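Trainee: what's the 3D shape of this:
(chains A, B, C and D)
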Number of protein chains: 2
Amino acid sequence: MTYSLSPVQQKTFAHSLRAKGLRPTKQRACVYGIILEKRDHPTADDIYNRVRKYLPGTSFATVYNCLETLVGCGLVRQVNMARSPACYCPNLSPHAHFKCNRSGKIYDIEIDKKTLASIHSLIPEGFETENLDLSFTGNGFQN
Amino acid sequence: MTYSLSPVQQKTFAHSLRAKGLRPTKQRACVYGIILEKRDHPTADDIYNRVRKYLPGTSFATVYNCLETLVGCGLVRQVNMARSPACYCPNLSPHAHFKCNRSGKIYDIEIDKKTLASIHSLIPEGFETENLDLSFTGNGFQN
DNA sequence: TCAATAATTAGAATAATTCCATTTCTAACT
DNA sequence: AGTTAGAAATGGAATTATTCTAATTATTGA
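Mentor: Take a look at the predicted model:
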């Protein structure tokens, strides 16, 4: 059984891929849907396990390929935290991540415009920033 | 031939370790000295190769153990950038990293107090931050 | 429908790091 | 200085995350 995206999601999905000459395949739709569905910052391994409920033949290579494609299209973000596998997040607004050392849970933390501007002002003249990553580790409120 | 730290470095080194009940061994001194010596953000592999010029018997396990210890003592910082092995840095002041996609070079970028305060103010009430990582990727000025 | 090409697949390969059992070293105590 | 208990280092295997490769299958446009 193939994963169904909502009409709005489907449109965004197909449009973003086609804009880059890429094909909206069922595997890509499924990976995208799974990341949107449960916003728990799944790893490639988590995604692999969830995808296989819908498309049992899916391989790791495909999951990694799909993720790379979706990140490349700007549909999802890859989050890299120290000493943990990459995880994925559909929140496209500028935000930081806080990883709780006790629970392992990752929280999204919004970055307000003023702070974002302040952060960007750190970059020296002549440097061109493509990506910004801000992350914290420590203990979250409730564990 | 064992690596010699300057008297000041030696004092900081031995003191930080002893404060945690750990021993200032020659391997740890060597790893520490190497990170201080050439501030080029070496990876564990780089460090392994440099250490072995002084202490040829050193194993990868030891390099990783030493690095973990030094990071734990606050003598060096571990820097994790997306899709690259961890690298190490003796700059203990609050700073961000900019990785140039073309050259692979990592630049230290100071974070001024105001921006730092602004970043810390993002953290919700009740969260306890142990570590902050801010990194950029893009193109540096001269490649 | 057919051809061209893009995407997926399985499995092997690689890279980075961690683990484990053994040996060696260090430092405190005679 | 010699002993000894615990800490650290060692080599190699194991693990984890990810990427690569060659063959197969799917998608899209003519």
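Trainee: C-alpha only now, for contacts and for neighbours.
Mentor: OK.
Trainee: so residue A:14, which of the three states?
Mentor: Three-state call for residue A:14 (DSSP: H, G, I helix; E, B strand; the rest coil): helix.
Trainee: surely it and residue A:21 touch.
Mentor: No. Applying C-alpha atoms under 8 Å as the test, residue A:14 and residue A:21 come out as separate, 10.3 Å apart.
Trainee: who has more neighbours out of the two?
Mentor: Per other C-alpha atoms under 10 Å in any protein chain shown, whichever of residue A:14 and residue A:21 has more neighbours is residue A:14, with 16 against 9.
Trainee: how about that one: what's its closest non-neighbour residue?
Mentor: Distances taken as C-alpha to C-alpha, 6 or more residues apart in numbering or on different chains place residue A:24 nearest to residue A:14, at 5.5 Å, with adjacent residues excluded.
Trainee: quick one: the one you found from residue B:28, how far?
Mentor: Residue A:24 is 52 Å from residue B:28, where distance means C-alpha to C-alpha, to the nearest Å.
Trainee: so the two - more neighbours on which side?
Mentor: Counted by other C-alpha under 10 Å, residue A:24 and residue B:28 do not tie: residue B:28 has more neighbours, with 23 against 15.
Trainee: so does the helix or strand containing residue A:10 get close to DNA strand D?
Mentor: Per DSSP states H and E: residue A:10 is located in helix A:7-18. No. Helix A:7-18 is not in contact with DNA strand D by C-alpha under 7 Å from any atom of the strand; minimum separation 8.4 Å.
Trainee: and the most far-flung residue of chain A relative to its centre, backbone torsions?
Mentor: In chain A, the greatest distance from the average C-alpha position (C-alpha atoms, centre = their mean) is reached by residue A:125, at 29.6 Å. Per-residue torsions, residue A:125: phi -50, psi 140 (degrees, to the nearest 10).
Trainee: how about the spatially closest residue to it that is not a sequence neighbour, what does it touch?
Mentor: Distances taken as C-alpha to C-alpha, 6+ apart put residue B:141 closest to residue A:125, at 7.9 Å, once the chain neighbours are dropped. For residue B:141, the contacting residues are A:125-128, by C-alpha atoms under 8 Å, 6 or more residues apart in numbering or on different chains.
Trainee: which of these fall in strands?
Mentor: Judged by DSSP state E, strands contain the following of those: residue A:128.
Trainee: residue A:101 touches residue A:139, doesn't it?
Mentor: Yes. Contact criterion C-alpha under 8 Å: residue A:101 and residue A:139 qualify, at 5.8 Å.
Trainee: when the two are compared, which one has more neighbours?
Mentor: Just comparing residue A:101 and residue A:139: by other C-alpha under 10 Å the higher neighbour count belongs to residue A:139, 20 against 15.
Trainee: surely residue A:77 and residue A:71 touch.
Mentor: Yes. Using C-alpha under 8 Å, residue A:77 makes contact with residue A:71 at a distance of 5.6 Å.
Trainee: who's more crowded, these two?
Mentor: Using other C-alpha under 10 Å as the criterion, residue A:77 and residue A:71 rank with residue A:77 on top: 21 against 16.
Trainee: any chance of the backbone angles for the more buried one?
Mentor: Backbone torsions for residue A:77, taken as degrees, to the nearest 10, come to phi -110, psi 140.
Trainee: and the pLDDT at it?
Mentor: We have a pLDDT of 94 for residue A:77.
Trainee: got the contact list for the closest residue to it other than its chain neighbours?
Mentor: Distance criterion C-alpha to C-alpha, 6+ apart; nearest residue to residue A:77, sequence neighbours excluded, is residue A:89 at 5.2 Å. Applying C-alpha under 8 Å, 6+ apart, we find residue A:89 in contact with A:35-36, A:39-42, A:76-79.
Trainee: pull out the buried members of these.
Mentor: Listed as buried from the contacts of residue A:89 are A:35-36, A:40-42, A:76-79; burial here means 16 or more other C-alpha atoms under 10 Å in any protein chain shown.
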